[in-house]
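Peer 1: take this sequence and fold it.
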Amino acid sequence: TSVVLTSPEWKKCGDIECTTISVPFDYASPELGSFTLPLTRLRALDDDLRQGVLLVNPGGPGAPGTSLAQNAAYYFSKDLMTQFDIVGWDPRGTGASTPTFDCGDSYNDFFANERTVASTKKFVEACAAKNLEIITYMSTSASARDMNAIRLALGEEKISYFGFSYGSTLGATWATRFPDTVQGAVFDAAAAPNTTSAERRLTQAEGFEKQLTAFLAQCSQNSSCAFHNNGKAEQAFDDLLKTEATVNATVLLTATASSLYDDSAWNDLAKALKSAQDGDGKLVRDLYNSYYYQDAGYEDSRNVSEASIATICDDETKRLSVAEVASQLPTFTKAAPRFG
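Peer 2: As a prediction, this is how the structure comes out:
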């Protein structure tokens, strides 16, 4: 069934332009309902050199993308900004799109405590009950069709695309489904296409483990590092995990992971760990809140993890049973003892 899209009316939103478009829950059955997707645009800096539209996505899945146009100078080169309209959007169910995939106010009941089969089952069932209308329409394939809808709404025969992390998976899905509409595409930090979400998360956990080992080794050897125990940062970290004196192990590991993506954050991590070692967990909790976008100023990103779970579940063609997941936990723990 074809879907008729009208050209959006853009308005000024500070230094950029913004608008919305509507896309159906299900393109085969548009009568079932629709998502409203926010779009932002930074026009090409030189009309004479303009080559078209560059649609951009930050990843996730579950991350909203409208901020990429506002912050284009941080993400993209001057050449790209000169020659392309930078267009970001909040994918279905994320950010300021409506309806939004939202599991309610008990966020920390799940994410801030030890994950067990029982707690995960309880959280997922609550999410499903609260989002019955849209839970089966959050797939990457559906978002790829939304990208084509955005292209049509903009009146472009072809568009280009720049996707980060999971954005590479989304972009590859779009390019595969709509190859004749692709002007060009960049996939930054692309995920392995034939792996399951469980395999990708295990690989990520192993990467975190390697980064943590490097951080702790550097801290042990650096007298200016705030966090160690007589030059033994590894032991000091394990002591914090075991004692849970100021924050629990789940919050501590999440806060640590948030600082392991880039070694420029290691100094702040050392200060937070030292503060926790001294009995004050505020800096660690701040890093945890930042990781899940629960701090002030990121209200439109607070459902990233929930929307991510929904998208991954919709994408997985083979789903493990609770018993199968439970049987694999020891393997995860062995391969990545802290982040499994």
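
Peer 1: sec struct for residue 23, please.
Peer 2: strand (DSSP: H, G, I helix; E, B strand; the rest coil).

Peer 1: report pLDDT for it.
Peer 2: Residue 23 carries a pLDDT value of 96.

Peer 1: for residue 170, same thing?
Peer 2: Value listed for residue 170 in the pLDDT field: 95.

Peer 1: before we move on, what about residue 301?
Peer 2: 75.

Peer 1: distance of the closest residue to it other than its chain neighbours from residue 196?
Peer 2: Once flanking residues are discounted, residue 301 sits nearest to residue 293: 3.8 Å by C-beta to C-beta, 6 or more residues apart in numbering. No exception for glycine: its C-beta is placed from N, CA and C like everyone else's. Separation of residue 293 from residue 196 (C-beta to C-beta, to the nearest Å) stands at 25 Å.

Peer 1: do residue 65 as well
Peer 2: For residue 65 relative to residue 196 (C-beta to C-beta), the value is 25 Å.

Peer 1: would you map the strands across the stretch 151-300 of the chain?
Peer 2: Assigned by DSSP state E, counting those that start in this stretch, the stretch 151-300 of the chain shows strands spanning 159-164, 182-188.

Peer 1: neighbouring strands - and their directions - for the shortest one?
Peer 2: Within its sheet, strand 159-164 is paired with strand 52-57 (parallel), strand 182-188 (parallel), according to DSSP bridges.

Peer 1: for it, the distance to its chain's centre please.
Peer 2: 16 Å (C-alpha atoms, centre = their mean, to the nearest Å).

Peer 1: of the strands of the stretch 151-300 of the chain, flag the one that's most buried.
Peer 2: Among those, strand 159-164 has the highest mean neighbour count (mean count of other C-beta atoms under 10 Å), at a mean of 24.

Peer 1: that older thread, more neighbours, residue 65 and residue 196?
Peer 2: residue 65 (26 against 16; other C-beta atoms under 10 Å).

Peer 1: not counting sequence-adjacent ones, nearest residue to the more buried one?
Peer 2: residue 88 (4.2 Å).

Peer 1: output the lowest mean pLDDT helix or strand found in the chain.
Peer 2: helix 322-335 (a mean of 52; mean pLDDT, DSSP states H and E).

Peer 1: residue ranges with poor pLDDT in the stretch 101-250 of the chain?
Peer 2: Residues of the stretch 101-250 of the chain meeting the criterion pLDDT under 70: 106.

Peer 1: please report phi then psi for the closest residue to residue 50 other than its chain neighbours.
Peer 2: Spatially, and ignoring its direct neighbours in sequence, residue 50 is nearest to residue 44 (4.0 Å; C-beta to C-beta, 6+ apart). Main-chain dihedrals, residue 44, degrees, to the nearest 10: phi -50, psi 140.

Peer 1: now do residue 44 against residue 317, distance only.
Peer 2: In terms of C-beta to C-beta, residue 44 sits 40 Å off from residue 317.

Peer 1: the more surrounded of those two?
Peer 2: residue 44 (20 against 5).

Peer 1: got a list of what residue 119 touches?
Peer 2: Taking C-beta atoms under 8 Å, 6 or more residues apart in numbering, we find residue 119 in contact with 110, 113.

Peer 1: all helices for the chain, in order.
Peer 2: 67-70, 72-75, 78-83, 107-111, 117-130, 140-154, 166-177, 197-221, 233-243, 249-258, 266-277, 282-291, 304-315, 322-335 (DSSP state H).

Peer 1: dump those to TSV, plus distance to residue 101.
Peer 2: Below are the helices of the chain laid out as TSV (distance: least, C-beta to C-beta, whole Å):
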stretch	distance to residue 101
helix 67-70	18
helix 72-75	25
helix 78-83	31
helix 107-111	13
helix 117-130	8
helix 140-154	12
helix 166-177	15
helix 197-221	17
helix 233-243	32
helix 249-258	21
helix 266-277	30
helix 282-291	19
helix 304-315	5
helix 322-335	22
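
Peer 1: nearest to residue 9, out of those helices?
Peer 2: helix 140-154 (10.8 Å; C-beta to C-beta).

Peer 1: how about that closest one: buried residues?
Peer 2: 140, 142-154 (16 or more other C-beta atoms under 10 Å).

Peer 1: could you do stretch 193-205 as well?
Peer 2: Buried, per 16+ other C-beta under 10 Å, within stretch 193-205: 196, 197, 201, 202, 205.

Peer 1: now for those residues, which pair is the farthest apart?
Peer 2: That would be 196 and 205, which, of those, are the farthest apart (C-beta to C-beta) at 14.0 Å.

Peer 1: hmm, back to that, tell me what the residue nearest to residue 65 is bridged to.
Peer 2: Those that pair with residue 88 in a beta bridge, by DSSP bridges, are residue 40, residue 56.
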